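> when you get a sec, could you give me coordinates for this:
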Amino acid sequence: MLILHAPLSLIKPLRFFTFAHSTVSLSQRPHPTVIKFSRRFASMADSSASNGDTSPEHVSGEWHSVPELRLRDHRFTVPLDYSADRNISQKISVFAREVVAVGKEEQQLPYLLYLQGGPGFESPRPTESSGWLHRACEEFRVILMDQRGTGLSTPLTVSSMLQIKSAENLANYLINFRADNIVNDAEFIRVRLVPEAGPWTILGQSFGGFCAVTYLSFAPQGLKQVLITGGIPPIANGCTADAVYKASSEQVTLQSEKYYKRFPQDAEVVREVVKYLAESEGGGVILPSGGILTPRGLQTLGFSGLGFSGSFERLHYMLERVWDPILVPGESKQISYFFLKTFENLLGLDTNPLFALLHEPIYCQGASSEWSAHRLIGEDESKFDAIKAAKEGRPVLFTGEMIFPWMFDEIHVLKPFKEAAQILAEKKDWPPLYDVIALANNKVPVAAAVYYEDMFVNFKLSMETASQIAGIRLWVTNEYMHSGLRDGGGRVLEHLMAMLNGKKPLF
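Sure, this is the predicted structure:
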């Protein structure tokens, strides 16, 4: 096990972004990305009268219970676009669930906001007090926020997005669902929920960690402490997707090789499936949803099958049942419904299309992604060409957390959004997500778990960014993979909290 605690010191240049204390205005800010809210933000019911929206800005539910926890629902009416005139801006709803240990409902506890991974995934739905949430509720009032577009926060589902008929209008709608506006929503909630609008602690997992660094960049006044698990983003100017996918293609190659060492018999199984798919009519097999499973689609099993604790085993057991049994002599073999259905369930894009549409744009600042993963895999085509590998008897490499343009042809539910996805891939004028000068002058205590063998958030890129965040404390470990916060129970959260509370001394 590799464990490292490391302080990082920096030269601290002057910060060039400043925020006004008025309700929604910014001072000397070229892109109105993240906005500081005052405690006396005008009533959304009043400000939205001109467009007929009379929803209250904050509605709280009643307390209810799951074992050892008490929960209360909150709904907030927020602007779709914080940079627009809020008198005319469209409104959306953001949902957050407040969680405390039983008996602590009325106690004055510090607040902890949890930012889920993604983009496009809802916050956890607690069924009991366990894992990191159990540890957090020992001393915090936890807020589980469904990031805009997910869960109960005006969700962007396949059916709801079909209401927007124009691809250009849909693309223009989707640009409001990145980390900048997730932070705006968090600040909107904080000034209404935390007593005296005090700062809170945030815990960011994966993409939630990306949002945490955006928060540090543009709204540090709202933060007491920051905890990050497997989620330190690349912060260079332009679109960093190329750096991300170059690093991830190397890591997914390593994970594929490790998988076949664990289950060498599966190399032939995968080759056989690739040949079957390639020789099938239309170059693939029809999926239960109406899409098509092709050899390159099969390779995307690496996303769910290579990067998490226990994922090797789950992928192997899935491949064990790839073929239907032949009950009648002379019948041809075929891929089982179990395998096809499991494939779709693991991919999950039918219930989370936002992930496919925004996965590369989350890396963009002032530059387009131009289908970064597709371009980089194409540059190494002979290595990742599944059909060629199968014919030559080589192991077929899987791909990882990558979105490709052909998915909008082969995955049935994504087909209506192909044009919008292309518009987003070509968009250049993305506003900034990070302020390197602000990060170099950071005063907020930050502790981060960096997983040495993380397939999703590259170790080297994480360390490069960490070197630019003043005062950050790192726990580098290979004890966990990307899912360490989930797999480690309360241990990961306990370790990070101890680092900030002086219980884990530097050396």
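
> check contacts around the nearest residue to Arg178 once chain neighbours are set aside.
With CB to CB, 6 or more residues apart in numbering as the criterion, Arg178 has its nearest non-adjacent residue at 5.9 Å, and that residue is Ile362. C-beta here means a position set from N, CA and C on the backbone, and glycine is covered the same way. With contact taken as CB atoms under 8 Å, 6 or more residues apart in numbering, Ile362 is in contact with Pro119, Arg178, Ala179, Phe207, Phe210, Leu433.

> can I assume the first one is in contact with Glu360?
No: here Pro119 lies out of contact with Glu360, judged by CB atoms under 8 Å, at a distance of 10.2 Å.

> how is this structure carved up into domains?
Dividing the chain into domains by automatic domain parsing, as the record does, gives the ranges 3-235+433-500, 241-426.

> worst mean pLDDT among these?
Ranked by mean pLDDT, the domains of the chain end with domain 3-235+433-500 at the bottom, a mean of 86.

> may I have the secondary structure class of the residue nearest to Arg178?
Remark: Ile362 carries the secondary structure label helix [criterion: DSSP: H, G, I helix; E, B strand; the rest coil].

> measure how buried the nearest residue to Tyr337 once chain neighbours are set aside is and give me the count.
Here the nearest residue to Tyr337 in space, its sequence neighbours aside, is Pro288; by CB to CB, 6+ apart that works out to 7.0 Å. The burial count assigned to Pro288 is 12, neighbours taken as other CB atoms under 10 Å.

> which residues touch Gln255?
Taking CB under 8 Å, 6+ apart as the criterion, Gln255 is in contact with Gly302, Leu306, Gly307, Phe398, Gly400, Met455.

> wasn't the last one part of a strand?
What that stands for is Met455. No: the assignment for Met455 by three-state DSSP gives coil, which leaves it out of any strand.

> what is the burial count for it?
22.

> ok, it - contacts?
Counting by CB under 8 Å, 6+ apart, Met455 makes contact with Ser248, Gln251, Val252, Gln255, Leu306, Gly307, Gly400, Glu401, Met481, His482.

> 6 Å instead?
For Met455, the residues meeting the contact criterion (CB atoms under 6 Å, 6 or more residues apart in numbering) are Gln251, Gln255, Gly307, Gly400.

> out of those, who's nearest Leu298?
When these are compared for distance to Leu298 (CB to CB), Gly400 wins out at 13.8 Å.

> check contacts around that closest one.
Under the criterion of CB under 6 Å, 6+ apart, the neighbours of Gly400 are Ser248, Val252, Gly302, Phe303, Met455.

> phi and psi next, for the nearest residue to the last one once chain neighbours are set aside.
Computed as CB to CB, 6+ apart, the closest residue to Met455 that is not its neighbour in sequence is Gly307, at 3.5 Å. Backbone torsions for Gly307, taken as degrees, to the nearest 10, come to phi -110, psi 0.

> now swap in Ile292 and tell me
Comment: the main-chain dihedrals of Ile292 come out as phi -130, psi 140, following degrees, to the nearest 10.

> so it makes contact with Glu281?
No: assessed by CB atoms under 6 Å, Ile292 is found out of contact with Glu281, at 10.4 Å.

> and those two? Which one has more around it.
Taking Ile292 and Glu281 together and counting by other CB under 10 Å, Ile292 has the greater number of neighbours (18 against 7).

> so who does the closest residue to the more buried one other than its chain neighbours touch?
Nearest-residue entry for Ile292: Gly284, 4.2 Å, with adjacent residues in sequence omitted and distances by CB to CB, 6+ apart. Contact partners of Gly284, counting by CB under 6 Å, 6+ apart, are Leu277, Ile292, Leu293, Thr294.

> where along the stretch 151-300 of the chain do the strands fall?
Taking DSSP state E, counting those that start in this stretch as the test, the strands found in the stretch 151-300 of the chain are 200-205, 223-229, 238-239, 285-286, 292-293.

> dump those strands into JSON lines; add distance to Gly471 as well.
Output for these, formatted as JSON lines (distance: least, CB to CB, whole Å):
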{"stretch": "strand 200-205", "distance to Gly471": "15"}
{"stretch": "strand 223-229", "distance to Gly471": "10"}
{"stretch": "strand 238-239", "distance to Gly471": "26"}
{"stretch": "strand 285-286", "distance to Gly471": "53"}
{"stretch": "strand 292-293", "distance to Gly471": "48"}
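
> and those strands: which comes nearest Met407?
Taking CB to CB as the criterion, Met407 comes closest to strand 292-293 out of these, the separation being 10.9 Å.

> now do stretch 412-428: distance to the chain's middle.
Relative to its chain's centre, stretch 412-428 lies at 19 Å (CA atoms, centre = their mean, to the nearest Å).

> quick one, which of the strands of the stretch 151-300 of the chain gets closest to Ile469.
Checked against CB to CB, the stretch from the strands of the stretch 151-300 of the chain lying closest is strand 223-229, at 9.3 Å.

> closest to the centroid, which residue in the chain?
The residue at the geometric middle of the chain, judged as the C-alpha nearest the mean C-alpha position with CA atoms, centre = their mean, is Gly118 (1.8 Å).

> how far away is that residue from Gln147?
Computed with CB to CB, to the nearest Å, the distance linking Gly118 and Gln147 is 6 Å.

> same question, Phe210
11 Å.

> now swap in Gln365 and tell me
From Gln365 over to Gln147 the distance is 19 Å, taken as CB to CB.

> on that earlier part again, now the contacts of Gln255 as a markdown table including distance to Tyr260?
Below are the contacts of Gln255 laid out as a markdown table (distance: CB to CB, whole Å):
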| residue | distance to Tyr260 |
| --- | --- |
| Gly302 | 12 |
| Leu306 | 11 |
| Gly307 | 15 |
| Phe398 | 10 |
| Gly400 | 15 |
| Met455 | 15 |
